[in-house]
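[1] coords below, sequence missing:
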């Protein structure tokens, strides 16, 4: 696009409506000027054309109101100037706009009201009691004309909606295809390596002598973590392949209800729940679990042998999560790659919450998250 600003200006609906109404307004103004300069020229018709052209500027903002004004003026033309002509260009534009930007009952009622108005006008100006057939033309024209304009607008609207639906389906299919590709990559690469790690750690544990005990316990913990990671990986693959839009945690079963099992598996933590538990929004529920999971993982990684306390508090307008450990402050807790704390901060931010992390004055590390429920 060589001129993006010009393109945006031209595509502006307000600019388009002004451009559509301008020729009609200018033409009617010229006709009004001519009618005042030449006494023989009728003045009513150009004045009515001017009055019915001006509302077209607001046709998209107020389609029903504009249609009522324009149709009322147009239906009055044959009566005021004793002419057989009706349903002018301004009325067709107004009816098309209603059909293009409205649907359902409002379109039907507009068509019936317009048909009734034009039929009555046609019968008043064209019906001859001596010739019964003279009522056919105004009745047929009064009904066909308005619904023709409305039908054209409805056709364009439905065609546009079908086009947008096809584009949306193509976009969704592309997203689902990419998710399936990612699932294949995870299965072929990450899951494979996790299985290898699990097998190697299990093999090392079986050949390790009973002593030293810490080494055996470390291998058992590593084997358990590898199995758990492999299990969660399979659940994530199921979510990706299911083509759902609930997020990667939707089918993994993570949430506040899973905290007791998570704390139990960590082997170095305790859990305290304050307040009356209530069902949490999905995003908040997942964020609570992941914050605690990441905090306990960091505690085991950076403060081996330390004890951690997890507190979950249900408040009236939110939920608090706090994880404290009693290990010595270690600078690497906030260093390294930073993906753990960074992911934790992103989850909390998406819920509109607040996250605080850092060493404690008396030793250890603190992770605190406040997640509001109304923003979830």
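    Done, it's in. Quick caveat: nothing in here was measured; it's all calculated off a predicted structure.
[2] domain boundaries for this protein, per the record?
    Domain ranges of the chain: 4-169, 254-376, per automatic domain parsing.
[3] closest one to residue 220 among these?
    Among the domains of the chain, domain 254-376 comes nearest to residue 220, with 10.2 Å by C-beta to C-beta. (Each C-beta comes from the backbone N, C-alpha and C, glycine too.)
[4] any idea how far that closest one is from the chain center?
    From the chain centre to the centre of domain 254-376 is a distance of 30 Å (C-alpha atoms, centre = their mean, to the nearest Å).
[5] next one: stretch 18-32
    How far stretch 18-32 lies from its chain's middle: 40 Å, per C-alpha atoms, centre = their mean.
[6] avg pLDDT for that stretch?
    Averaged over stretch 18-32, pLDDT sits at 84.
[7] buried ones in that stretch?
    In terms of neighbour count (16 or more other C-beta atoms under 10 Å), stretch 18-32 has its buried residues at 21, 24, 25, 28, 31, 32.
[8] looking at these, spot the one nearest residue 196.
    Residue 196 has its nearest neighbour among the buried residues of stretch 18-32 in residue 21, at 72.0 Å by C-beta to C-beta.
[9] now the closest one: which helix or strand?
    Secondary structure from DSSP states H and E places residue 21 in helix 13-37.
[10] and that helix, what does it pack against?
    helix 44-53, helix 89-101 (3 or more C-beta pairs under 8 Å, 6 or more residues apart in numbering; DSSP states H and E).
[11] so that helix versus helix 44-53, what angle?
    In terms of direction (axes from the mean of the first three to the mean of the last three C-alpha atoms, to 10 degrees), helix 13-37 departs from helix 44-53 by 170 degrees.
[12] now helix 13-37 and helix 89-101, what's the angle there?
    Per the same axes, to 10 degrees, the angle that helix 13-37 makes with helix 89-101 is 170 degrees.
[13] what's in contact with helix 13-37?
    With contact meaning C-beta atoms under 8 Å, 6 or more residues apart in numbering, helix 13-37 is reached by 9-10, 41-43, 45-47, 49-50, 53-54, 56-60, 89-90, 93.
[14] still on that earlier bit, tell me which of the domains of the chain lies nearest to residue 185.
    The closest of the domains of the chain to residue 185 is domain 254-376. By C-beta to C-beta, the value is 18.5 Å.
[15] state the mean pLDDT of the closest one.
    81.
[16] for the most far-flung residue of the chain relative to its centre, phi and psi?
    Centroid-distance maximum for the chain: residue 130 at 63.5 Å, with C-alpha atoms, centre = their mean. Dihedral pair for residue 130: phi -80, psi -20, per degrees, to the nearest 10.
[17] ok, now residue 361?
    Backbone geometry at residue 361, expressed as degrees, to the nearest 10, gives phi -60, psi -40.
[18] and it, how far is that from residue 145?
    Distance of residue 361 to residue 145, computed by C-beta to C-beta, to the nearest Å: 83 Å.
[19] looking at the two, which one has more neighbours?
    Set residue 361 next to residue 145 and count neighbours by other C-beta atoms under 10 Å: residue 145 wins out with 21 against 8.
[20] shouldn't that one be in contact with residue 118?
    Yes. Assessed by C-beta atoms under 8 Å, residue 145 is found in contact with residue 118 at 6.4 Å.
[21] quick one: buried ones out of the contacts of helix 13-37?
    45, 46, 47, 49, 50, 53, 54, 56, 57, 59, 90, 93.
[22] the residue nearest to residue 353 when sequence neighbours are not counted: neighbour count?
    Sequence neighbours aside, residue 371 is the residue nearest to residue 353 in space, at 4.0 Å (criterion: C-beta to C-beta, 6 or more residues apart in numbering). Using other C-beta under 10 Å, residue 371 has 26 other residues around it.
[23] again, but for residue 266
    If you count neighbours by other C-beta under 10 Å, residue 266 ends up with 20.
[24] so where's the stretch 1-150 of the chain uncertain?
    Flagging of the stretch 1-150 of the chain using pLDDT under 70 yields the residue ranges 1-2, 39-42, 80-87, 132.
[25] how does it look with 80?
    Applying pLDDT under 80 to the stretch 1-150 of the chain flags the ranges 1-4, 6-7, 10, 31-32, 34-46, 48, 75-88, 122-142.
[26] what's around residue 79, how many residues?
    The tally of other residues near residue 79 (other C-beta under 10 Å) stands at 13.
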